[in-house]
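Participant: Below are the sequence and a predicted model; questions follow.
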Amino acid sequence: MLYTVIMRENKDFLTLYKKGRYITSKYSVIYIKPNNRPYNRFGITAGKKIGNAVARNRAKRLIRLAYRNSEVKLPIGIDIVIVARSGILGIKSDEYCGYFDKYGVMEINKAVKKLVNH
RNA sequence: UGAGCAGACCAUGCGGCAGCGGAAACGCUAAGUUUACGAGGAAAGUCCGGGCAUCACAGAGCAGGGUAGCUGCUAACAGCAGCCGAGGGCGACCUUAGGGCAAGUGCAACAGAGAUAUACCGCCGCUUCUGCGGUAAGGGUGGAAAGGCGAGGUAAGAGCUCACCGGAGUGCAGGAGACUGCACUGCCAUGUAAACCCUAUCCGAUGCAACGUCUAUUGGUGCUUUGUAUCUCAACGUUGGCUCGACGGAUACAAAGUAAUGACGGCUUCAGCUUACGGGCGACUGUAAGCGUAGAUAAAUUGCCGCACACGACAGAACCCGGCUUAUCGGUCUGGUCACUUG
RNA sequence: CUGGGUGUGGCGCAGCUGGUAGCGCGCUACCUUGGGGUGGUAGAGGCCGUGGGUUCAAGUCCCGUCACUCAGA
């Protein structure tokens, strides 16, 4: 990852859930907030609801892959957290990458513009 | 050929492109390049046992918890192996918490006359004719009613006597032992200890968020040391739950030191794996040679494509080992058994 | 990583030392009322989370297992 730091602290996640904007689909929920830093902060959540450890690991892998592929197209200086949902397990990685690359990136750019303008 | 039993093993394979993790080498450093390596039989549940670490330890007892046929294996175990007893199966074989109710206490609903001691209906004898005595064969209730069954015996009966079976005690023999066999005595004692309990035996506590090293901050707080003041000779405190015992005077104030935070270590070379030879029925073990085989910290071991087929189950290391338990698409091999058929 | 607790009618709970599974709310029918509520009577609804074992007999005792939940580091 070129200009991304991995988010670790629980309080960062909580503030993002409260104050950020979100984009939902049946595969995942994407939370976004500008952070006024020269890099992005990225986090993944795969809860117990999704399944066992194997299922959670797969969900995390797919999300990481999609983020890495589309990282160049995203704006810099945002916090982004992707929450996996159970729909992500039944599909191939191409499908999720395609969804994220086209629809997800577009929606993220829109949301960031709105937040910055406000 | 069919059915069934036991044990061992495998866990889609190959190729291409892209990507991840720590390591080593190259590189002045960095960016990076190259190389080999990179989840499991259960990694799971966390049910036992041990290592390791810290704390506490003069010692003893109690409490608490575990285990329960015998002999062995092991670092240890509630595990495993072999054997004994009991039960099941035609058999290969399987199952088994399997010490002690003649140390004590408790419980045994309903039914039944009576539940750990009895006499309702019966049977027999006597008789003042409605009672007394003797019985426990038969009836019925129950999970269980003073061993079972047959014969003798008797007024009727009864281990009262005898044979066989069962159980108990004693002796002898065999065995390492559980136990087995034989002989004699002899029939009095229901079941339940996964009821309290007794007996034998084992266990110090806490867990890698243990713990160690370095380091930022210094207001409060805890701990340690030193000094000052006050109180008192019997209390109080410590000794991981209690008691004995042992040790220590206690409290307040001041000063100094120390802890927290973060980073790194702990972190993978060992009760290690493979092969050969030897010991042992076996679990296991000895010797020799070879091998190095994950170590992350939001947490890597993957994504896509192609080919093959049986169409791919359960499932992801987090300090490390030995077991147990549970989940699992299927497949391979080995050795027994039974039935049928053919030679 | 360690140690507890709970699973019982539709819902919330009893059931302690083993011996016929109950209570409240809810549900159904009937009575009461001109009608409804309240009240009364009767009734339905449970393989006690699940698989074994001990016992004559298990919701209860023992072992395994599944789910939920709490506490501590």
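Facilitator: Perfect, thanks for sending it.

Participant: From A:A59, how far off is the nearest residue to A:V112 once chain neighbours are set aside?
Facilitator: Nearest non-adjacent residue to A:V112, counting by Cβ to Cβ, 6 or more residues apart in numbering: A:P75, 5.3 Å away. The C-beta positions use only the backbone N, C-alpha and C, and glycine is treated the same way. Note on A:P75: its distance to A:A59, by Cβ to Cβ, to the nearest Å, is 25 Å.

Participant: Looking at the two, which has the bigger crowd around it?
Facilitator: Just comparing A:P75 and A:A59: by other Cβ atoms under 10 Å the higher neighbour count belongs to A:A59, 27 against 15.

Participant: name the element that one belongs to?
Facilitator: helix A:53-70 (DSSP states H and E).

Participant: Extract the CA atoms of that helix and return them as CSV.
Facilitator: Extracted in CSV, the C-alpha atoms of helix A:53-70 (Å, rounded to 0.1, in the frame of the first residue of the first chain):
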residue,chain,number,x,y,z
ALA,A,53,-12.3,-17.9,11.4
VAL,A,54,-11.8,-19.2,7.9
ALA,A,55,-14.8,-17.1,6.6
ARG,A,56,-13.5,-14.0,8.4
ASN,A,57,-10.1,-14.4,7.0
ARG,A,58,-11.4,-14.7,3.5
ALA,A,59,-13.6,-11.6,3.8
LYS,A,60,-10.5,-9.6,5.0
ARG,A,61,-8.4,-10.9,2.2
LEU,A,62,-11.0,-9.9,-0.4
ILE,A,63,-11.4,-6.4,1.0
ARG,A,64,-7.6,-5.9,1.2
LEU,A,65,-7.2,-7.0,-2.4
ALA,A,66,-10.0,-4.7,-3.6
TYR,A,67,-8.5,-1.7,-1.7
ARG,A,68,-5.0,-2.4,-3.0
ASN,A,69,-6.2,-2.5,-6.6
SER,A,70,-8.2,0.7,-6.4
